[in-house]
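> From the sequence below, what's the structure:
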Amino acid sequence: MREAEDEDALDVRELVPVEGGTWGGLLFDNPRVGLAPHLTWSFRFPFEEVIRDYGSSQIFLDIEWLPLPGASWGNMTGQAIRGVGEPAESSVCFFQHHQYDLIDLEIVEQRDLWIHARATLTGDLDGLGMDPVTADAWLRFTGIRVYLSDITSAESALARLQEFTAPEGLSYTPTPNSPSFRFEPADS
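Okay, here's the model as predicted:
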């Protein structure tokens, strides 16, 4: 932990949850480094803005690149992982990203596009001064992006997505100037 006299340090009491959290998926590959296509998930837990003499910062607990084998966007209840590190990444954003080593995540409940998720990050790699950091919130589904090197159409992106998760209820949403294909809930 940071020393008490460091008045700029983030204090756990400043982690006041706010609405607006999100979660979504990314199906991607990187053949240059031998990375085969796989589906990962991201989760963003927002907290109140914190003010210092030199500025303010919205605080987020972020989990990215998290594989959840067998997970389906429409049925996430019960998904849980403990002590997962790479290839997943986790951080607390406080003026900049502060990385953590390990992730615990549990999807407690799902109601349509919303999941109730609990996360704990441990292993403060960048010296933020808080270990562990926890979050517990309802997060809204934002969709799944398909970013595969051999995909050139929304139809082929959807076909590949079906190999990894059930895409029922998702529809293609054009994203100008993006090499990826985004699928969002049809009734959002």
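> Break down the protein into its strands, ranges please.
With strands called from DSSP state E, the chain shows them at 22-30, 35-52, 55-66, 80-84, 89-94, 96-111, 114-124, 133-147, 170-173, 181-185.
> Can you tell me the strand partners of the fourth one and which way each runs?
The one in question is strand 80-84. strand 96-111 (antiparallel) (DSSP bridges).
> how much does the partner strand deviate in direction from strand 55-66?
On the basis of axes from the mean of the first three to the mean of the last three CA atoms, to 10 degrees, strand 96-111 is oriented at 60 degrees to strand 55-66.
> Mean pLDDT and distance to E163 for the strands of the chain - can I get that in TSV?
The way it works is simple: take the backbone N, C-alpha and C, and place the C-beta from them, glycine included. Shown next, in TSV, are the strands of the chain (pLDDT from 0 to 100; distance: least, CB to CB, whole Å):
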stretch	mean pLDDT	distance to E163
strand 22-30	97	9
strand 35-52	96	8
strand 55-66	96	19
strand 80-84	93	22
strand 89-94	96	24
strand 96-111	97	22
strand 114-124	98	23
strand 133-147	98	11
strand 170-173	96	14
strand 181-185	96	14
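> Compile these into CSV and extend it with columns for distance to E155 and mean neighbour count.
Listed next are the strands of the chain as CSV, based on distance: least, CB to CB, whole Å; neighbours: other CB atoms under 10 Å:
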stretch, distance to E155, mean neighbour count
strand 22-30, 15, 19
strand 35-52, 17, 17
strand 55-66, 26, 17
strand 80-84, 32, 13
strand 89-94, 31, 21
strand 96-111, 28, 17
strand 114-124, 28, 19
strand 133-147, 11, 20
strand 170-173, 8, 18
strand 181-185, 9, 21
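> out of the ones you listed, nearest to A159?
strand 133-147 (9.8 Å; CB to CB).
> what's the offset of the closest one from the middle of its chain?
Chain-centre distance of strand 133-147: 5 Å, with CA atoms, centre = their mean, to the nearest Å.
> now do stretch 51-69
Its chain's average C-alpha position is 10 Å from that of stretch 51-69, according to CA atoms, centre = their mean.
> could you dump that stretch to CSV, C-alpha only?
Output in CSV follows, covering the C-alpha atoms of stretch 51-69 (Å, rounded to 0.1, in the frame of the first residue of the first chain):
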residue,chain,number,x,y,z
ILE,A,51,-10.6,15.2,-8.4
ARG,A,52,-7.0,16.2,-7.6
ASP,A,53,-5.3,19.6,-7.7
TYR,A,54,-4.0,18.9,-11.2
GLY,A,55,-7.2,17.6,-12.7
SER,A,56,-9.9,14.9,-12.5
SER,A,57,-10.1,11.3,-13.6
GLN,A,58,-13.1,9.0,-14.2
ILE,A,59,-12.1,5.7,-12.6
PHE,A,60,-12.7,2.3,-14.3
LEU,A,61,-12.0,-1.3,-13.5
ASP,A,62,-11.4,-2.9,-16.9
ILE,A,63,-11.1,-6.6,-17.8
GLU,A,64,-10.1,-7.3,-21.4
TRP,A,65,-9.2,-10.2,-23.6
LEU,A,66,-10.8,-12.7,-21.2
PRO,A,67,-11.5,-16.1,-22.7
LEU,A,68,-14.7,-17.8,-21.3
PRO,A,69,-14.9,-21.1,-23.2
